[in-house]
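curious how this folds, go ahead:
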Amino acid sequence: MNNFNYSSIYAPYFKQFIAMKRGLGYEPLRAEWIFLEFDNFFKDHNVTNLGITKQQVEQWRATRMNDSPSTICSKYSILGQFCKYICKVGYDCYIPRIPANPGSNNFTPHIFTNREMVDIFHACDNMRLYDKHMSTILFIVPVIVRLLYSTGLRISEALALKNKDVDFDRRYLIIRKSKNDQERIAPLSQTLEKVLKQYLHYRNRMPIPHIDDANGYFFVSPNGTNPRQGSVYVWFRKALALSGIPHTGDHQGPRVHDFRHTFAVHSLVRMTKSGQDIYYSLPLLSIFLGHKSLSATDQYVRLTKEMYPDLLKIQKGIGSFIFPKSNKGSYHGSD
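Take a look at the predicted model:
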C-alpha cells in the first residue's frame, strides 16, 4: 500500500478529501498521486495561505508542459473537486475549468428531452400493442427502454441480467457482467419495479421450460433465447421514427447507448436542483454507472453545465416519466 506523506499547508485537507472519497465508496488512488504533485508545488512556491488562486493554478500549469492533454484534463478534474472542497470548509478558492482535450473524441451524445422520452415510451407501447403474433422481441422493448433510462445500464448489462439478479425484495438489480468487470447494484424505483413485474407476468406465461430458473436470463425472446443487441436496436430505430426524432446515421445517433447518457445528465440535473453540489455528486454517480474513474463521469458535468444549460432549469424530477400514463396503447401489463 502506498504511503503518501503530504507536508504542504494543504496536507491535512488532502487527507480529509481522500477520506471523504473513501467514505463514499470510491478508491481515489489517482487523486492521491496527483495531490502529491500539488503538495510539492505548494512547498516549492512557499505557499503559506489557504485558498488556491488563479495565479497559482496558472503557475502550476506552466510546470506541466510535457503532460498529455488527457492527463491535464484528469488533473484539472481532481483539482477542481479539491478547490470546491476547500470552498466548502470556508476558504475562498478559485475553481478552475477543465480545459478541452483536443485529442479526445468530439462526438456529442444525444441527450433526450423529457418530451422525447415520453414520445419514445408511447411509440414502444403502441408498437407492442399491434404485435399480434408475439413472434419477435418487441414485447420486451418497452421494458428495456424504461430500464435503460431509469438505471443508466448499458444495453449489454441489461440483456445479461439473470433472474437471480433482479431482487424485488431488496429492490435492486445486481450487475455482474459489466464493461469494467466490476460488480455493482442498481436500485429499483417503485415505478420501474412495477414495469418489471408486469413484464414477468407476460413472460412467465410463455411455454418455455424452466423460464423462471434462477440462472436463466431475465429477458428472453419468444423462442427462449437471450435477445441480441442488434434486435433491440432495430426496434429502437423504429421507435425514433414514430416519435419524430431524426436518426443521422453513420454512428452519430441517437443510439441506444444515449439512454445511459441521458440518465447521467438528468441525474445531475436532479441532484443540482435538490441542492447537492454537482462535483460532490460525481463519485456517487460514477459508482452507480460503473465507471473506473471520475474522468469518465466528469464529461457529464461538461454536458450539463456547458452544452445543455437549459436542462438545469427543469422544474420537476424525471421519475414520473419512467412509466407515463396513457389512455390507449400503453404497456400496463394487463390481459
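
where does the prediction get shaky in this protein?
1-3, 25-27, 101-107, 129-136, 180-181, 249-252, 277-280, 292-298, 301-335 (pLDDT under 70).

so it: which segments form each domain?
11-88, 107-335 (automatic domain parsing).

these: which one's closest to residue 96?
Proximity to residue 96 (C-beta to C-beta) singles out domain 11-88 among the domains of the chain, at 5.0 Å. In this view, the C-beta of every residue, glycine as well, is placed from N, C-alpha and C.

gap between the closest one and the chain center?
Put simply, domain 11-88 sits 25 Å off its chain's centre (C-alpha atoms, centre = their mean, to the nearest Å).

any chance of JSON lines for the domains of the chain, columns mean neighbour count?
JSON lines is the format used below for those (neighbours: other C-beta atoms under 10 Å):
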{"stretch": "domain 11-88", "mean neighbour count": "16"}
{"stretch": "domain 107-335", "mean neighbour count": "17"}
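
out of these, which comes closest to residue 4?
Distance to residue 4, taken as C-beta to C-beta, is lowest for domain 11-88 among the domains of the chain, at 4.9 Å.

span of the closest one from start to end?
Using C-alpha to C-alpha, to the nearest Å, one end of domain 11-88 lies 17 Å from the other.

can you put the domains of the chain in a markdown table and add distance to residue 5?
Below are these laid out as a markdown table (distance: least, C-beta to C-beta, whole Å):
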| stretch | distance to residue 5 |
| --- | --- |
| domain 11-88 | 8 |
| domain 107-335 | 24 |
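
which ones are touching residue 226?
By C-beta atoms under 8 Å, 6 or more residues apart in numbering, residue 226 lies in contact with 159, 217, 219, 220.

pretty sure it is in a helix, no?
No - Residue 226: not assigned to a helix; according to DSSP: H, G, I helix; E, B strand; the rest coil it is coil.

among the contacts of residue 226, which lie within helices?
Per DSSP state H, helices hold the following members of these: residue 159.

the contacts of residue 226: which two are farthest apart?
159 and 220, at 10.0 Å, using C-beta to C-beta across the contacts of residue 226.

strands along this protein, start to end?
Under the criterion DSSP state E, the chain contains strands at 166-167, 172-175, 184-187.

to residue 32, which of those strands lies closest?
Across the strands of the chain, the minimum distance to residue 32, taken as C-beta to C-beta, is reached by strand 184-187, at 22.7 Å.

just how off-centre is that closest one within its chain?
Strand 184-187 sits 12 Å away from the centroid of its parent chain (C-alpha atoms, centre = their mean).

which one of the strands of the chain lies nearest to residue 6?
Using C-beta to C-beta and comparing the strands of the chain, the one that lies nearest residue 6 is strand 184-187, at 30.8 Å.

okay, that closest one in PDB with CA atoms only?
Extracted in PDB, the C-alpha atoms of strand 184-187 (Å, rounded to 0.1, in the frame of the first residue of the first chain):
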ATOM      1  CA  ARG A 184     -22.400  -3.300  -8.700                       C
ATOM      2  CA  ILE A 185     -26.000  -2.800  -7.800                       C
ATOM      3  CA  ALA A 186     -28.700  -0.500  -9.200                       C
ATOM      4  CA  PRO A 187     -31.700   0.500  -7.000                       C
END
